[in-house]
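Enquirer: Just to be clear, the model below is a prediction. Sequence and coordinates:
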Amino acid sequence: MNRALALVRSDVDAVLSGRVQQLTALRGQHLFISGGTGFLGTWLLEIIKALNDSYGFDLKVTVYSRQARAFAERFPHLGRIAGAHFEDGDIRYISELPRDVRYVIHAAALTDRRRFVSQPSTVAEVNSVGTLRLLRAANLLEDVQKFVLLSSGLIYGGQPWDLPRVGEAFAGALRCNDVNAVYAESKRFAEVVAQSVMSEAKLPVVTLRPFAFVGPYQSLQLPWAVTDFIRDSFTGGPIRIMGDGSTVRSLMYASDYAFWVLAALALGRPRETYNVGSPEPVELSALAAMITRCFAPVPEIRTGLGQTDHERNRLVPDVSRAQRDLGVQVTVPLSEAIQRTITWNRYVQAS
């Protein structure tokens, strides 16, 4: 077993330790996961594999994405999960699901912000039309128990600077005349579509609003602050921060993220919405310092690039509802999440 895979498996074992009973409703079930080959999907499969191998859950899973079969070949330890089926397809054209599916996780979306400008209409179509198509397909099932829709914390728009954490009832504004809003607007519309289907057909939908995450299997080529900082540190720096570094975010480790999604699948209340993320705030300057300390020599950090002070912003979730209803908590603190992510990338680069 290579070291990178061993690290992931230790994370999975840790997040499941003492918490498996929260997922009891999923025993022996057939799960359908759209977009199950990305960052979240890979971690969901790692946990499903552990549930089957170590806890006798006997879960079946159908993974549906554009490159599902290629994914199964790339990660054979996941491709060989007993009862797993990998199906290539475009969520915009899906019409039916395997008849014995009772639980659905809809994670398929275009999330790379570079495509928000280069292919905005495609982003809008995948995130909205794709959601409607899958909801309609799920509604044809005889005994669907739960449909988990992955929305986004970006649907809140601008979080007021004096609001420490944003709760599910907050309704901020989005600039609908700005192409950069296409992702957030399409995710907001996907939620409205889900509400419409629930109204018409009583489909048991649970909506999750994920925030920001870090961990193994996350591509360092993605244009997010944390991936930029880690990638640039591996090349010796410098680390470049837009503005003065006072923008505030939060980051949840991948194993916690995947477990919270499965907990919502098992325990989430239909028609309810839950934030998913860490409530621990961190300024980008502090995040950059935390990352660079893991390297020697320590890369230089440069601030004051491209933004003015008044453009600073914050995006940190209030997760008290998820903690109350799902019995979940953050188990990996940010400093450890950063260290483990960097260690995993070192193992991958060395292999």
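Expert: Looks like it came in fine.
Enquirer: Please make it C-alpha for all contacts and neighbour counts, starting now.
Expert: OK.
Enquirer: Could you list the low-pLDDT ranges of the stretch 1-150 of the chain?
Expert: 1, 113, 115-118 (pLDDT under 70).
Enquirer: If we use 80, what do you get?
Expert: 1, 110-119 (pLDDT under 80).
Enquirer: That one: helices as residue ranges?
Expert: Secondary structure of the stretch 1-150 of the chain (DSSP state H, counting those that start in this stretch): helices at 3-16, 39-55, 68-74, 76-79, 113-118, 120-139.
Enquirer: Output those helices in JSON lines; the columns should cover distance to residue 266.
Expert: Formatted as JSON lines, those follow (distance: least, C-alpha to C-alpha, whole Å):
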{"stretch": "helix 3-16", "distance to residue 266": "14"}
{"stretch": "helix 39-55", "distance to residue 266": "13"}
{"stretch": "helix 68-74", "distance to residue 266": "24"}
{"stretch": "helix 76-79", "distance to residue 266": "22"}
{"stretch": "helix 113-118", "distance to residue 266": "31"}
{"stretch": "helix 120-139", "distance to residue 266": "17"}
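Enquirer: would you turn those helices into CSV with mean neighbour count and distance to residue 100?
Expert: What follows is the helices of the stretch 1-150 of the chain, written out as CSV (neighbours: other C-alpha atoms under 10 Å; distance: least, C-alpha to C-alpha, whole Å):
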stretch, mean neighbour count, distance to residue 100
helix 3-16, 17, 26
helix 39-55, 20, 18
helix 68-74, 17, 20
helix 76-79, 15, 21
helix 113-118, 16, 35
helix 120-139, 21, 11
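Enquirer: out of the ones you listed, which comes closest to residue 303?
Expert: Residue 303 lies closest, by C-alpha to C-alpha, to one member of the helices of the stretch 1-150 of the chain: helix 113-118, at 21.9 Å.
Enquirer: What helices and strands are in contact with whatever helix or strand residue 287 lives in?
Expert: Following DSSP states H and E, one finds residue 287 within helix 284-292. Secondary-structure packing of helix 284-292 (3 or more C-alpha pairs under 8 Å, 6 or more residues apart in numbering; DSSP states H and E): helix 225-234, strand 239-242, helix 334-350.
Enquirer: can I get these in TSV with mean pLDDT?
Expert: Converted to TSV, the helices and strands packed on helix 284-292 look like this (pLDDT from 0 to 100):
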stretch	mean pLDDT
helix 225-234	97
strand 239-242	92
helix 334-350	97
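Enquirer: And residue 305, what's its pLDDT?
Expert: What the model reports as pLDDT for residue 305 is 68.
Enquirer: Test my guess that residue 47 contacts residue 10.
Expert: No. Contact criterion C-alpha atoms under 8 Å: residue 47 and residue 10 do not qualify, at 10.9 Å.
Enquirer: Toward the C-terminus, what is the element adjacent to the helix holding residue 287?
Expert: strand 301-305.
Enquirer: So for that following strand, what gets flagged as buried?
Expert: For strand 301-305, the neighbour count (16 or more other C-alpha atoms under 10 Å) marks 301-303 as buried.
Enquirer: and what of stretch 21-34?
Expert: Buried positions in stretch 21-34, judged by neighbour count with 16+ other C-alpha under 10 Å: 22-23, 26-27, 29-34.
Enquirer: How about stretch 217-229?
Expert: Result for stretch 217-229 [16+ other C-alpha under 10 Å]: buried residues 217-218, 220, 225-229.
Enquirer: would TSV of those with distance to residue 74 be doable?
Expert: Below are those laid out as TSV (distance: C-alpha to C-alpha, whole Å):
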residue	distance to residue 74
217	12
218	15
220	18
225	27
226	25
227	22
228	25
229	27
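Enquirer: ok, those vs residue 262, which is closest?
Expert: Nearest member of these to residue 262, counting by C-alpha to C-alpha, is residue 217, at 18.3 Å.
Enquirer: Assess the claim that the closest one and residue 42 are in contact.
Expert: Yes. Taking contacts as C-alpha under 8 Å, residue 217 lies within contact range of residue 42: 7.4 Å.
Enquirer: who touches residue 156 in this structure?
Expert: Neighbouring residues of residue 156 by C-alpha atoms under 8 Å, 6 or more residues apart in numbering: 170-174.
Enquirer: Same question for residue 311.
Expert: By C-alpha under 8 Å, 6+ apart, the contact list for residue 311 reads residue 243.
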